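>>> got a predicted model here, sequence first, then my questions.
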Number of protein chains: 2
Amino acid sequence: MSRTAEVINSIKRMILDGVFRPGDRLPVEKELAESLGVSRGSLREGISALSILGVVDTRQGDGTYITNLDVTHLLAPMGFVVDLEGRGDARHVHAVRRLLECEAARLAATRITDGALQEARTLLDEATRIAAETPHDHERIIEIDIKFHRIIAAHSGNSVLVGLIDAFAGRTVRARLWRSLHEEGADWRTHEEHLAVWKALAAHDPERARIRMANHLLGVEESLRGLPDDDTRSTN
Amino acid sequence: MSRTAEVINSIKRMILDGVFRPGDRLPVEKELAESLGVSRGSLREGISALSILGVVDTRQGDGTYITNLDVTHLLAPMGFVVDLEGRGDARHVHAVRRLLECEAARLAATRITDGALQEARTLLDEATRIAAETPHDHERIIEIDIKFHRIIAAHSGNSVLVGLIDAFAGRTVRARLWRSLHEEGADWRTHEEHLAVWKALAAHDPERARIRMANHLLGVEESLRGLPDDDTRSTN
DNA sequence: AAGTAGGGAATCATCTGATGTATCGGTCAG
DNA sequence: CTGACCGATACATCAGATGATTCCCTACTT
């Protein structure tokens, strides 16, 4: 095993064993390198990888700290996989996303708070206003869409599920989706679907919430089918 | 953005843009460092991170190559998240795993080949023999269990789903599970459940396969409840 | 002619030292 | 008490040298 891999595994192990806890500061490079028996260069290669993985956070002039180890943060690197897999035929990615978000909606129906329902409603109301304008502020629409889905995921009560959903509903996927269906007033239909999901959540009806969410995501996916997108054709 | 991050993003971008394809060999360190405008050290930090992420593969004395970019391979680093999240209360991890594997079973029911069915059956038959022995060869039992689940996942026809399942049904989770239920002949019950899943697959009945798999995983999860595990208590 | 052992070039792995840059905290003038 | 200054600290980056491994060509053996 390379020195770099040793560094990574050692630090991971120390975190799993509770030697380092979220927010803890690591020893300075020179010291940590000596204690692990590697040079600063090799140590930095390992720290660099851990930083990309969202395990540690280095601040120049300050030090290196263990992150909060939040699942969403640790799963962020998965975005590359989603981007990569979604280049051509994104059906697999969408199928998984649908599976995850439907489950989140089902769980959220019985767990969502009145405050979160109100917050979601406020977002949808804003979307209503924007959709009525011409031209639409699509950036804001997308932002609202992401927030709406995130509220639902957050109230599933499952942090791992939240992390996965965030990774799968990332920027690129969402951007691709909206770029394709921002024409022909499809945002009105999307808005109606969002509203249907919200009503099911407000009624605290798990099955209804799941179905409404499934219907919504299916609609979005179908907007992608048969796109005049070179990538889509080339991999079929 | 740090030089290291620039290196990582540049190479990721080049892969997404098709400049580098799976199996391609990257320019030598000195050359690549110059073309990206960074020193060899910074380049190596980036390459090191990409290597950990499973994007590239460096071989001393040979060169650095783009991996096959297989989803399962790229999702392997997520194992740390599973390990981390599964230290204390692993319910969230198990809930997600159950969701993923049930969907895989459902999909596999209509897609699994006769050959794969036969292969799975052979594995289960071997498990039958081993379970009858005393003492059991638990290592082999675990190996068979993993292979059985993997065959099902592989025939879901969704590569992303396969990658996630592999990450979530990784070594540590599986080891924890089996360590806890390898007593009191629970492996017989597990074996019966596997058989029920197999029968549903053989009948190409999606709903039945999903339910049998759900039942199987619930049984496994329940074996974990109320374990005298310090971690479990401390985080509740 | 075919197979094999040897050697050299190419490439990554690692270490060392030096310099640049950002942050934090104390000090001191106002 | 406030705010600007300044130095210690720590990470960021670069450069050079040496070691280890692989690949491939050559020459030798059978």
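In hand now; what should we look at?

>>> how about the contacts made by the most centrally placed residue in chain A?
For chain A, the residue lying nearest the average C-alpha position, counting by C-alpha atoms, centre = their mean, turns out to be A:Asp166 (1.3 Å). With contacts taken as C-beta atoms under 8 Å, 6 or more residues apart in numbering or on different chains, A:Asp166 has the following neighbours: A:Thr72, A:Leu75, A:Ala76, A:Arg150, A:Ala153. Placement of C-beta: from N, CA and C, glycine included.

>>> let's go with 10 Å and repeat that
Contacts were defined as C-beta atoms under 10 Å, 6 or more residues apart in numbering or on different chains; by that measure A:Asp166 touches A:71-73, A:75-76, A:78-79, A:100, A:146, A:149-150, A:153-154.

>>> narrow those residues to those in helices?
Taking DSSP state H, the ones among the contacts of A:Asp166 that sit in helices are A:Val71, A:Thr72, A:His73, A:Gly79, A:Leu100, A:Ile146, A:His149, A:Arg150, A:Ala153, A:Ala154.

>>> any chance of these in CSV, with neighbour count and distance to DNA strand D too?
Shown next, in CSV, are the ones in helices among the contacts of A:Asp166 (neighbours: other C-beta atoms under 10 Å in any protein chain shown; distance: C-beta to the nearest atom of the strand, whole Å):
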residue, neighbour count, distance to DNA strand D
A:Val71, 24, 24
A:Thr72, 18, 22
A:His73, 17, 17
A:Gly79, 17, 21
A:Leu100, 28, 33
A:Ile146, 16, 29
A:His149, 24, 33
A:Arg150, 17, 29
A:Ala153, 25, 31
A:Ala154, 20, 31
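
>>> tabulate these (JSON lines), appending pLDDT and distance to A:Pro22.
Shown next, in JSON lines, are those (pLDDT from 0 to 100; distance: C-beta to C-beta, whole Å):
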{"residue": "A:Val71", "pLDDT": "94", "distance to A:Pro22": "12"}
{"residue": "A:Thr72", "pLDDT": "94", "distance to A:Pro22": "14"}
{"residue": "A:His73", "pLDDT": "94", "distance to A:Pro22": "11"}
{"residue": "A:Gly79", "pLDDT": "91", "distance to A:Pro22": "22"}
{"residue": "A:Leu100", "pLDDT": "97", "distance to A:Pro22": "25"}
{"residue": "A:Ile146", "pLDDT": "89", "distance to A:Pro22": "26"}
{"residue": "A:His149", "pLDDT": "95", "distance to A:Pro22": "27"}
{"residue": "A:Arg150", "pLDDT": "95", "distance to A:Pro22": "22"}
{"residue": "A:Ala153", "pLDDT": "97", "distance to A:Pro22": "22"}
{"residue": "A:Ala154", "pLDDT": "96", "distance to A:Pro22": "19"}
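
>>> for those residues, which one is nearest chain B?
Using C-beta to the nearest C-beta, the shortest approach to chain B within those belongs to A:Val71, at 6.2 Å.

>>> check the burial of the closest residue in space to the closest one that isn't next to it in sequence by counting its neighbours.
Leaving aside its chain neighbours, A:Val71 sits nearest to A:Gly163 (3.5 Å; criterion: C-beta to C-beta, 6 or more residues apart in numbering or on different chains). The number of residues packed around A:Gly163, counting by other C-beta atoms under 10 Å in any protein chain shown, is 25.

>>> ok, now which ones touch A:Gly163?
For A:Gly163, the residues meeting the contact criterion (C-beta under 10 Å, 6+ apart) are A:70-76, A:78, A:100, A:153, B:78, B:81, B:85, B:92, B:96.

>>> and if we set it to 7 Å?
Contacts here follow C-beta atoms under 7 Å, 6 or more residues apart in numbering or on different chains; on that basis A:Gly163 touches A:Val71, A:Thr72, A:Leu75.
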